[in-house]
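In: sequence and predicted structure below; questions after.
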Amino acid sequence: METSIIISGFGGQGTLFAGQVITYAAMAAGKEVTWIPSYGPEMRGGTANCTVVISDNRIGSPLVLNPTIVIAMNQPSLEKYESLVAEGGYLIANKSLIEKDFSRSGINSYFIPANELAAEIGNMKMSSMLLTGAMVEITGILSLDQIKTALENNLPARHKKTLPMNFQAIDKGAEYIKELAAEKAK
Amino acid sequence: METSIIISGFGGQGTLFAGQVITYAAMAAGKEVTWIPSYGPEMRGGTANCTVVISDNRIGSPLVLNPTIVIAMNQPSLEKYESLVAEGGYLIANKSLIEKDFSRSGINSYFIPANELAAEIGNMKMSSMLLTGAMVEITGILSLDQIKTALENNLPARHKKTLPMNFQAIDKGAEYIKELAAEKAK
Amino acid sequence: MATLTTDPIQVYKRPVGLTEVHSHYCPGCTHGISHRLIAEVLDEMGLREKTIGVAPVGCSVFAYKYLNTDYVEAAHGRAPAMATGIKRVRPENIVYTYQGDGDLASIGMAEIMHAAGRGENITVIFINNAIYGMTGGQMAPTTLPGMKTTSSPKGRDVEMAGFPIKMSEILATMQGSSYIVRRSLHDPAYIRKSKKAIRKAFETQVRGMGFSLVELLSTCPTNWKVTPYEALQFVEDSMIPVFPLGDFKVHPEIAKLKV
Amino acid sequence: MATLTTDPIQVYKRPVGLTEVHSHYCPGCTHGISHRLIAEVLDEMGLREKTIGVAPVGCSVFAYKYLNTDYVEAAHGRAPAMATGIKRVRPENIVYTYQGDGDLASIGMAEIMHAAGRGENITVIFINNAIYGMTGGQMAPTTLPGMKTTSSPKGRDVEMAGFPIKMSEILATMQGSSYIVRRSLHDPAYIRKSKKAIRKAFETQVRGMGFSLVELLSTCPTNWKVTPYEALQFVEDSMIPVFPLGDFKVHPEIAKLKV
Amino acid sequence: MTKKLLKGNHALAEAAVRAGCEGFFGYPITPSTEFLEYMSSRMPELGRAFVQAESEVAAINMVYGAACAGKRTMTASSSPGVSLMMEGLSYIAGTEVPAVLVNVMRGGPGLGNIAPSQGDYNQMVKGGGHGDYFPIVIAPASVQESIDYTMLAFDLADKYRTLVYVIVDGNIGQMMEPAEMPPMREIPTEAPDWAVTGAEGRDPIALSSIYIDPYDEEVTNLRLLKKKLEIEKNEVIFKEFFMEDAEIVIIGFGTAGRISLSAVREAREQGIKVGLIRPITLFPFPFERIAEAAEQAKSFLVVEMNTGMMLDDIQVAVKGKIPVEFYGRLGGVTPFPDEILSEINRINENPPTDPNLDARADWVKRLEKAIEGSN
Amino acid sequence: MTKKLLKGNHALAEAAVRAGCEGFFGYPITPSTEFLEYMSSRMPELGRAFVQAESEVAAINMVYGAACAGKRTMTASSSPGVSLMMEGLSYIAGTEVPAVLVNVMRGGPGLGNIAPSQGDYNQMVKGGGHGDYFPIVIAPASVQESIDYTMLAFDLADKYRTLVYVIVDGNIGQMMEPAEMPPMREIPTEAPDWAVTGAEGRDPIALSSIYIDPYDEEVTNLRLLKKKLEIEKNEVIFKEFFMEDAEIVIIGFGTAGRISLSAVREAREQGIKVGLIRPITLFPFPFERIAEAAEQAKSFLVVEMNTGMMLDDIQVAVKGKIPVEFYGRLGGVTPFPDEILSEINRINENPPTDPNLDARADWVKRLEKAIEGSN
Amino acid sequence: MPVKGWIEVNDLYCKGCELCITACPVDVIQLDYSRLTPKGYHPAMLKSDGCTGCGICAVICPDAAITVYREPKKAKVPTA
Amino acid sequence: MPVKGWIEVNDLYCKGCELCITACPVDVIQLDYSRLTPKGYHPAMLKSDGCTGCGICAVICPDAAITVYREPKKAKVPTA
Ligand SMILES: Cc1ncc(C[n+]2csc(CCOP(=O)(O)OP(=O)(O)O)c2C)c(N)n1
Ligand SMILES: Cc1ncc(C[n+]2csc(CCOP(=O)(O)OP(=O)(O)O)c2C)c(N)n1
Ligand code: SF4
Ligand code: SF4
Ligand code: SF4
Ligand code: SF4
Ligand code: SF4
Ligand code: SF4
Ligand SMILES: [Mg+2]
Ligand SMILES: [Mg+2]
């Protein structure tokens, strides 16, 4: 089984680190993993994205054409990746920075107002962690605890004090999905 | 028929130009010709030599391993080329700058005190032309007139005034050989 | 005489010399200001349709997308050589290079020195932002002592990496150079002076007077890891003391020129 | 105290620092003088067995055959980079380059500027003979205005090829340089001064004080097409006016040094 | 086992450090820059030499100097930067001193882009500098291999006093993957006897690449050639997968090989008899193994991220015995396993029979169609 | 016919002038320096651009500029100088502007020596710079051919907007031979429409080698590749001698080919059925003709002044059909016709039969013996 | 009374860098947090009256995003 | 009376460049036209007495071919 995740947004939205946290978590869970950024410091002002592959077997390609999961943190990312999500896959989008609606069927798509929710915690930069929490809740590829442990073990020392806030964001993302489900269930 | 000539000496002794004069003369005589220097300005203070090939056919190699004729204008040149002259070929050496004797048989070897003879004309630099005259006299590959015409047609304008002196040197070299022959005949 | 019209006056509008596209520069990066000044000067001098620009490798690698003239893209550091090739076969054109500090002062040191040495009749716009912007913030020859970069993580150690190299001062020693000045982009008043300098540099070329160069102190908020505004302050507070503004060589005829 | 011996006194003999071979230099070429001075200085300072020389591409390409120390042979112009590589991994050794004007001022411009810029703790012996000797007499960046060479057959045209580049003056502007002087080899008195300068340059390195360079005006009778003696006169009459002798940068501590 | 999630460039750099690299000289260039950045903090920390050179030209000549001084030394760069090193590399080869170069290849020619590519195969393997010389070329396909083969690179460089190139593409330089670091090696206290160290108590040593007399140079060239033949005998490395009964054999190196493996696995699940040979040393090239495989297989499919540079070498080994097909993506495009899988399917359904088929020309047509389709 | 005795370097230079070269940018290096020296007086005389650049790096980038400006332009250098041009050449190729390079090859690697060599074959033909690009490579074997093919070089460069390399060795650069100069061509008054000339009355033109999006670069790479295939179809040039009934076929380019001709003539006089194919374009390589010859001949003898670089290409064409032997001299040693003649005799007396013989390894043994013998 | 002016900010170019805001001598510019440009930035806008049309904001704008207008002087009928 | 000195010129190194000749303050050096060195040059030699052992010729000799000797001062017995 191979799961592939693309997280895409503006530079500075924390997409690369969110991808790393997922990678660490999967690695700790005994999976084969790869993480690769769309590196491009030579291209200023662009979008930043990364691809995570999680597998039971040795991984061939760190890049994927049709990811199973996409987290789109802004509108350009949604435009770029919506059509590429694998059939039956997941698209999780940051409603706060997206004005248009979904256009694709056959996949599971979610809008989450991540910036607003993150602002509630008090830090807009938490939106990527928040979406990660939501993604985990939606897909079940890892547990929230696994993500949190990975985060705790790999957050650079100088950022340690933001750990509680990160945890909050993960939970908040997950809760938002739970509520959504509850609402739907209604 | 292919004739090959190596003229070798110190830089400044006029070896390269003497070779060119022979080449021009042979060309005027309707032969195929090549001239090539041992180029090496990157090697200061070394010897300067050139190879002339004269042929009825298209010339393959501008270089030869065993030249038919060698003009050795100093001792290092003699040491280098004596053993390489083709069987039955000619070795013409400048006695003025050579202290040792010939060591090879099976070829036609000549010593000529070129510097002294050139000094008699009044210009030491004429020694290469003098040896060229001698070479032509010995081998008969071209006539003295052919050489002189080639010289006249190809001497750079700024050196035109040395033409008579060059002619003298050619003749002097040839005469020296004639005398030598006359002496031997005695 | 006052005019009759009551239409609003357009005090400032984007110059024709700039293309109508969004640039890839980071928000607040002063590369954009220098582009604008060049465009304005070429517009004002009527040179746009005679000019061939030479873009460097650096953040301004796509200068040709923004400046509305013919353009070529040089190898890293070699813009002065490429400009020489163009100018020598097309002396009727106006040829200028646009180069960063890594490009001009590091890998391109030989080419800029010799273009100046030959008195090549070209103009150089030299953007000194004390860092390698495009590759993500490594130390440049112009990085300030003690300044942290991704390749001087403890701050530039002058013992191991030397002191900042002052290109204008060095190039002014070359007999072939006619106009060598340093200006700054950190403040509107200084920007206006920068524009005048750019104008004089092109005037030097138009008059066939040889090599001209305008060094512009510029910002890199992204790699300095500060806001655009803090970046301007850093230029004023930290860069100018190391790279003093001034005229390092001005041909008397150009000095006389009013622009 | 006067001595008892009546053996003749050897006033001068060939230094141990020179190998016992005939050199390939043309008769009267002052490359040989500078070799001898280096050998004498290394002998006197007792550095011969600690020293690693870096030969250039140029007539002195075989410097390693004549100077009796460990030696490496650099690519054309890259001796300062190669010396940097050696010195950084072997700071305990004395490392110097020996470079011609084509090598140092033309193709090697970037490397010499940056070695000086970094304040690399190496010594450079720079032989300025205003021409490319080894390749047969082409124009160098140091060729005098109007001087005929095989690649400036009508004389150096400063309009097209620029003015001679004055490396010592330029390098002195670099903060990392500690000792930059120009001397000449055209006359015994000047040769003695040259030797002192070479001594001071190595003293600079021994003290870990950074970049040192001695520019030596030198002859090329072969390509200048004059006799060795006329060549010395040419240095005095024509070169020194363009390349004035002098101390362009001397660290105060070295200035105090008596050698 | 203590695997850590490591970025390719950092892993390569740390492996060099552990292999005993005492001098790093480089110039930043995407996508290899993190290598230099890592070294800028790591080397000084260990008291070893780090210089950010003024250019790649200077960097390689600093390496040349440090190599002559008998220290393990290296540089890392990417395609355009490596082109600037050609003269210096040729000098190092001619002087027969050991040095290591890491090339994190990107799209070219020219400035190109910074995306992963294998377009420098010829430059690296056939010798981009002037003259006859033969660097060892190793192409790892994962972060772990990058570590292991960087260690080996230094050993081989010393063993043969030769250049060793470790070539990866931006994918491997930039990606993070779990991998294990070997322990730090001891730095030898003695310099090798050929190195310049100051002529204390011995005759001076001169290291150069000049052999002004052609006969001397000929002897040198012959020595280099014999070294090459020796290396070809001893140092070939490749990996193979599913080869026992393979009828279609894929050949690809580095990322292309690694991605092909995914495709091969999927094809095997579909029951297609397909195998993979992944050359790891590109020089020495596994000619023998490939010639052998040509006896067993019905056809080859060469996969590269260039226009078919290794393809030519495969043709030399195959000698027209079986049809060889080609699939390449260009300009920084990394092929996806699906693409290779569909090539396998195509071959499986319509097995090529003409051993003289023009692999490159056929592929051009397919690729053109694909590109048109996607636009 | 007005043949004059001309020096190779001067003839090459004057041919470039007559072909309409409007900008020469170079740096002195033996054995090509006379080229630059000639241009230093000739170009200004005609009001054309001449710059003695500060280095080969600068020279090729000046050429790059002049080429973008739509003028015929060139440089000339020798092996180490050419290595320094690799980045610039790759940029020119990537930008698809026409330019001509003359490489007067010398012994290498490294500083090597200044003697004639063919050791840059791989660098020139396989691409010494980074990325996929395909310069046309022409190898004249006489002063007359140097003239003729330099003219052609400029035409081909323009026709395909590509790099063209004219490669000779020091023999041809330095020797004088009678040859005829074609008349001076008119310089076109209009610039080509792709050139930068100032955007007067039209949209600005930007010339670059950047294709930051890999898919754009892929399209570019594919365009370059198709140009290559086109060139392979149209522009192959070779000469052949005594091929009608040849059983032994010698293959050699440039000086090696020319010298082989002398040996072949002598062998023919002895009644040996030997012929010669002399490739003139090394890219595009005469693969077809050589494959054809492999059908006719019993064996090949490849002669080069290197370790057998073209040999590899011959092997590709021969596909193991007949035995291929090799004879090379290295390091600046030019083989003499006698040596090749004795190789022919050897083959004639003991015809090789194993099509898989290892030509290079066998020759190494012979050469080693010969070298030992001569010491 | 000071001259009356105003500015227009082009969404295509503006990157919300705030340099115009820090430069405006009369402090009449702010970012428009209610909107995102197509590139995802909050653009600059006039926040209040008082712009003099001095053009300083345009001088410092790195993206040449600002057009500056000024009300013309009152029309005077030529007196001659 | 001036000090008495003399020089020896080593044939292996001397190239007959004449620089010593032009430099010698007392003009006592000339080329030896009767001999060639192994490399083919006429070497320098003392042509007459008068050498002071000043060493100037050695300072200028590019080939370090000259060894300079001087007659020692008269031996004095130490007085103490
Ligand atoms: C030969 C070569 N080396 C390195 C690079 C990578 N590179 C691209 S831009 C750059 C530095 C740019 O810095 P600078 O010139 O200061 O421009 P800035 O981005 O700061 O404006 C480097 C090292 C390259 N493209 N080519
Ligand atoms: C890359 C390269 N370019 C050119 C050359 C040819 N070359 C050898 S020495 C030299 C110039 C030497 O001049 P200079 O440095 O002044 O030394 P000199 O011979 O005058 O002492 C040149 C151009 C070379 N060997 N390598
Ligand atoms: S990285 Fe720096 S220099 Fe480059 S565009 Fe961004 S701010 Fe400007
Ligand atoms: S060519 Fe000139 S520099 Fe070179 S050795 Fe001769 S005289 Fe000296
Ligand atoms: S300065 Fe320009 S880009 Fe920046 S916020 Fe103001 S208008 Fe926008
Ligand atoms: S024109 Fe002047 S007053 Fe008006 S907004 Fe701009 S800076 Fe402020
Ligand atoms: S200076 Fe030296 S080399 Fe010259 S002639 Fe005198 S002794 Fe001989
Ligand atoms: S030592 Fe002095 S006096 Fe004696 S020969 Fe030499 S220069 Fe003349
Ligand atoms: Mg910068
Ligand atoms: Mg010189």
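Out: Everything's here; your move. Ligands and ions are numbered 1, 2, ... in the order given.

In: how about residues contacting stretch E:269-276?
Out: Defining contact as CB atoms under 8 Å, 6 or more residues apart in numbering or on different chains, one finds that stretch E:269-276 is touched by E:240-252, E:257, E:260-261, E:264, E:267-268, E:297, E:344-345, E:348. All C-beta atoms are positioned from the backbone trio N, CA, C, and that covers glycine.

In: run the last query once more with 6 Å
Out: By CB atoms under 6 Å, 6 or more residues apart in numbering or on different chains, the surrounding residues in contact with stretch E:269-276 are E:241-243, E:245-250, E:260-261, E:264, E:267, E:344, E:348.

In: go on, stretch E:33-49?
Out: C:135, C:150-151, C:153, D:88-89, E:9-10, E:13, E:17, E:22-24, E:26, E:28, E:50, E:76.

In: from the residues you listed, which land in strands?
Out: E:23-24, E:26, E:50, E:76 (DSSP state E).

In: for PyMOL, write the selection for the buried entries among the residues you listed.
Out: In PyMOL syntax, the buried subset of the ones in strands among the contacts of stretch E:33-49 is picked out as below (16 or more other CB atoms under 10 Å in any protein chain shown):
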select buried, chain E and resi 23+24+26+50+76
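
In: and the strands in the stretch 51-200 of chain C?
Out: Taking DSSP state E, counting those that start in this stretch to define them, one finds strands in the stretch 51-200 of chain C at C:51-55, C:70-73, C:94-100, C:123-128, C:131-132, C:138-139, C:177-184.

In: mind putting those strands into a markdown table with mean neighbour count, mean pLDDT and distance to ligand 3?
Out: A markdown table is the format used below for these (neighbours: other CB atoms under 10 Å in any protein chain shown; pLDDT from 0 to 100; distance: least, CB to the nearest ligand atom, whole Å):
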| stretch | mean neighbour count | mean pLDDT | distance to ligand 3 |
| --- | --- | --- | --- |
| strand C:51-55 | 28 | 98 | 14 |
| strand C:70-73 | 28 | 98 | 16 |
| strand C:94-100 | 29 | 98 | 8 |
| strand C:123-128 | 28 | 98 | 8 |
| strand C:131-132 | 30 | 98 | 7 |
| strand C:138-139 | 26 | 98 | 11 |
| strand C:177-184 | 26 | 98 | 15 |
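
In: wait, which of the ones you listed is closest to B:Asp145?
Out: Of all the strands of the stretch 51-200 of chain C, strand C:94-100 sits nearest to B:Asp145, with 58.9 Å by CB to CB.

In: return that closest one as CSV; C-alpha atoms alone will do.
Out: Coordinates of each C-alpha in strand C:94-100 appear next as CSV, following Å, rounded to 0.1, in the frame of the first residue of the first chain:
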residue,chain,number,x,y,z
ILE,C,94,23.0,51.0,-26.2
VAL,C,95,24.1,48.0,-24.2
TYR,C,96,23.9,47.6,-20.5
THR,C,97,24.2,44.8,-18.0
TYR,C,98,22.2,44.3,-14.8
GLN,C,99,24.1,42.3,-12.2
GLY,C,100,23.9,41.3,-8.6
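
In: just how off-centre is the next helix-or-strand element following that strand within its chain?
Out: Later in the chain than strand C:94-100, the nearest helix or strand by DSSP states H and E is helix C:101. Offset of helix C:101 from its chain centre (CA atoms, centre = their mean, to the nearest Å): 9 Å.

In: ok, helix C:101 near chain D or not?
Out: No - using CB under 6 Å from any CB of the partner chain, helix C:101 stays clear of chain D, coming no nearer than 12.8 Å.

In: residues contacting stretch G:20-29, please?
Out: C:188, C:229, G:44, G:46-48, G:50-51, G:56-57, G:60-61.

In: for those residues, pick the one with the most neighbours.
Out: G:Cys61 (28 neighbours; other CB atoms under 10 Å in any protein chain shown).

In: what's near enough to touch it?
Out: G:Cys20.

In: what number of residues lie near the closest residue to ligand 7 within chain G?
Out: In chain G, the residue that lies nearest ligand 7 is G:Pro62 (67.0 Å; CB to the nearest ligand atom). Close neighbours of G:Pro62, defined as other CB under 10 Å, add up to 27.
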